[in-house]
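Peer 1: the following block contains a protein sequence and its predicted model.
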Amino acid sequence: MLEKITDYEYAQIESAINGILGIRNNISQYILDSLFQSAESFNKNWKGEAETLFVGKLELLYNAISDTNTAAYNMAMSMSEQASEIYKKQNEK
């Protein structure tokens with residue numbers, strides 16, 4: 001059986017989740033911006049097979065990071081909702 005979540009613990013859970021989301025957003029945005037700039041540079045400066053090869057790989061990496069970001073966000077939001085539900089139910093009694 002789950003123990004009760006105190007007000008303090010609930011605040012800590014929410015704070016941790018928000019912190020994780022904030023850090024994830026900052027790091028991910030930096031990486032995605034860098035990848036996008038690299039892809040644009042390849043498009044402008046490289047031609048032929050090299051351009052196709054490297055731009056394609058950068059696009060795959062960009063998409064993988066974007067998908068991972070979405071999954072991490074969804075997981076954090078789910079954790080937050082679950083903590084909220086537990087907290088709400090225990091305080092209704």
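Peer 2: Perfect, thanks for sending it.
Peer 1: tally of neighbours for residue 39?
Peer 2: 19 (other Cβ atoms under 10 Å). C-beta coordinates here come from the backbone N, C-alpha and C atoms, glycine included.
Peer 1: wait, it sits on residue 59?
Peer 2: Yes. Between residue 39 and residue 59 there is a contact under Cβ atoms under 8 Å: 6.6 Å.
Peer 1: give me the element residue 55 is part of.
Peer 2: Residue 55 is part of helix 49-92 when elements are defined by DSSP states H and E.
Peer 1: residue contacts, the residue nearest to the spatial centre of the chain?
Peer 2: The centroid of the chain falls nearest to residue 69 when counting by Cα atoms, centre = their mean (3.1 Å). By Cβ atoms under 8 Å, 6 or more residues apart in numbering, residue 69 lies in contact with 24, 25, 28.
Peer 1: quick check, nearest of those to residue 55?
Peer 2: residue 28 (20.3 Å; Cβ to Cβ).
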